[in-house]
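1. What would the 3D arrangement of this be:
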Amino acid sequence: MIKGLHGYSFNYSNVVTQAKIAYQAGFDSVQLLPEHLFRYLEHGGTIEKYQKLLDNYGLNVGNINAIKEIGRHQGHQREQLLAEAERIFRTAQAFHCPVVQIMTMHEVDYLPEEQMLTVLADNIRALAEMGMKYGGIKLQIELVGYTKFNKIEQALEVIKRSGMDNVGLVIDFWHLYVSGHQPQDIAKLDKDQIIGVHICDGRLPHPGELWDELVQRDYAVGEGDIDVQAWVNAVKATGFDGPWSLELVSPRHWENDLLDTAITNSRQIDDLVQGTN
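-> Just a heads-up that it's a prediction; the model follows:
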């Protein structure tokens, strides 16, 4: 099993601290947010210095998470997307990072379904080609549960239309749960369609409540409404042998001791994935 420390679980920290606690808690890699990594590089840090730190800890950069709003398709907006992506891919290659995450937000929600899929397939093809240019980097699509592009079938369709074989899925339990998926939908996937897994918990919005991840995901694993073990078992049923991470999108838990959180997350991954449940 490969364990990655998810940077968003430690949203108020920096990449140096994330590497240290990943080592102390028994993780194999760090999964970095671009905003954390670029902040480090813009304030005196260097790729060489951070790579040396990772080497000392026996870690690697497992992925960079994420290129957002990948549906930008009009004029300068698409140019901006590709420029942002190139910066991330170039940095990923420097760290020998194998995966970059991609995701939509609401930028294509207004489009008819067919046009939305066409736009996304075109953009994902361009991003995947860029990933190949920078050392064969893979792209993992995260489906955002409260957007129009939130179904596994949609993602598989745009991957097919893109014609690229370095694109797959990240199985984020909360996003898929709130968009109506069930564990059995995951169990029937081919393991090669899955690049990564985000173990997480949470709930749907209460009646009359607006979508807000910082509210509906403000739960540690075991505190929310998701049968997390059932989702883990579904992923395992595919034969998946890639990286697992635990994602806390939880302002409450961001205020806790970072090392304590990392140790808890590491143990929960072990118990859920390697246990006998």
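
2. Doesn't Asp109 lie inside a helix?
-> No. Secondary structure assignment places Asp109 outside any helix; it is coil (DSSP: H, G, I helix; E, B strand; the rest coil).

3. Please shift the residue numbers so they start at 35 in all later answers.
-> With 35 as the first residue, the last one maps to Asp143.

4. which residues sit in contact with the spatially closest residue to it that is not a sequence neighbour?
-> On the basis of C-beta to C-beta, 6 or more residues apart in numbering, the spatially nearest residue to Asp143 that is not a chain neighbour turns out to be Lys182, at 4.3 Å. The way it works is simple: take the backbone N, C-alpha and C, and place the C-beta from them, glycine included. Residues touching Lys182, when contacts are defined by C-beta atoms under 8 Å, 6 or more residues apart in numbering, comprise 140, 142-143, 145, 147, 150.

5. Make CSV from those residues and add distance to Val134 to it.
-> Supplementary listing: the contacts of Lys182 in CSV, determined by distance: C-beta to C-beta, whole Å:
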residue, distance to Val134
His140, 21
Val142, 19
Asp143, 23
Leu145, 24
Glu147, 26
Met150, 22
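
6. tell me the two of those that are most distant?
-> His140 and Glu147 (15.0 Å; C-beta to C-beta).

7. follow-up on the earlier one: from Val192, how far off is the residue nearest to Asp143?
-> Using C-beta to C-beta, to the nearest Å, one gets 13 Å for the distance from Lys182 to Val192.

8. Strands of the stretch 35-184 of the chain, start to end?
-> According to DSSP state E, counting those that start in this stretch, the stretch 35-184 of the chain carries its strands in the segments 36-40, 63-66, 94-101, 133-137, 172-176.

9. list the helices and strands the fourth one packs on?
-> Contacting strand 133-137 under the criterion 3 or more C-beta pairs under 8 Å, 6 or more residues apart in numbering; DSSP states H and E are the following elements: strand 94-101, helix 110-128, helix 147-167, strand 172-176, strand 228-233.

10. For Gly197, which of the ones you listed is the nearest?
-> The closest approach between Gly197 and any of the helices and strands packed on strand 133-137, judged by C-beta to C-beta, belongs to helix 147-167 at 6.5 Å.

11. And the closest one, what's buried?
-> For helix 147-167, the buried set under the neighbour-count rule, 16 or more other C-beta atoms under 10 Å, comprises 150-151, 153-162, 164-166.

12. Mean pLDDT and distance to Glu69 for the helices and strands packed on strand 133-137 - can I get that in CSV?
-> Compiled in CSV, the helices and strands packed on strand 133-137 are given as follows (pLDDT from 0 to 100; distance: least, C-beta to C-beta, whole Å):
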stretch, mean pLDDT, distance to Glu69
strand 94-101, 98, 10
helix 110-128, 98, 11
helix 147-167, 99, 19
strand 172-176, 99, 16
strand 228-233, 99, 18
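
13. in stretch 88-108, what's buried?
-> Buried positions in stretch 88-108, judged by neighbour count with 16+ other C-beta under 10 Å: 88, 91, 93-107.

14. ignore the last one, stretch 172-188
-> Applying a neighbour-count criterion of 16+ other C-beta under 10 Å, one finds 172-186, 188 buried in stretch 172-188.

15. neighbouring contacts of stretch 234-253?
-> With contacts defined as C-beta under 8 Å, 6+ apart, stretch 234-253 is touched by 180, 206-208, 211-212, 254-260, 262, 280-287.

16. mind redoing it with 7 Å?
-> Residues lying outside stretch 234-253 but in contact with it, judged by C-beta atoms under 7 Å, 6 or more residues apart in numbering, are 180, 206-208, 212, 254-260, 262, 280-281, 283-286.

17. Could you tell me which of the residues you listed belong to strands?
-> The subset of the contacts of stretch 234-253 located in strands under the criterion DSSP state E comprises 206, 280.

18. and the contacts of stretch 234-253, which are buried?
-> 180, 206-208, 212, 254-255, 258, 260, 262, 280-281, 283-284.

19. Turn those into CSV, columns for pLDDT and distance to Asp62.
-> Rendered in CSV, the data for the buried ones among the contacts of stretch 234-253 read as follows (pLDDT from 0 to 100; distance: C-beta to C-beta, whole Å):
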residue, pLDDT, distance to Asp62
Tyr180, 99, 31
Asp206, 99, 20
Phe207, 99, 20
Trp208, 99, 23
Val212, 99, 29
Ala254, 98, 22
Val255, 98, 19
Gly258, 98, 26
Ile260, 99, 25
Val262, 99, 21
Leu280, 99, 13
Glu281, 99, 16
Val283, 98, 22
Ser284, 98, 23
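
20. Kind regards, and thank you for your time.
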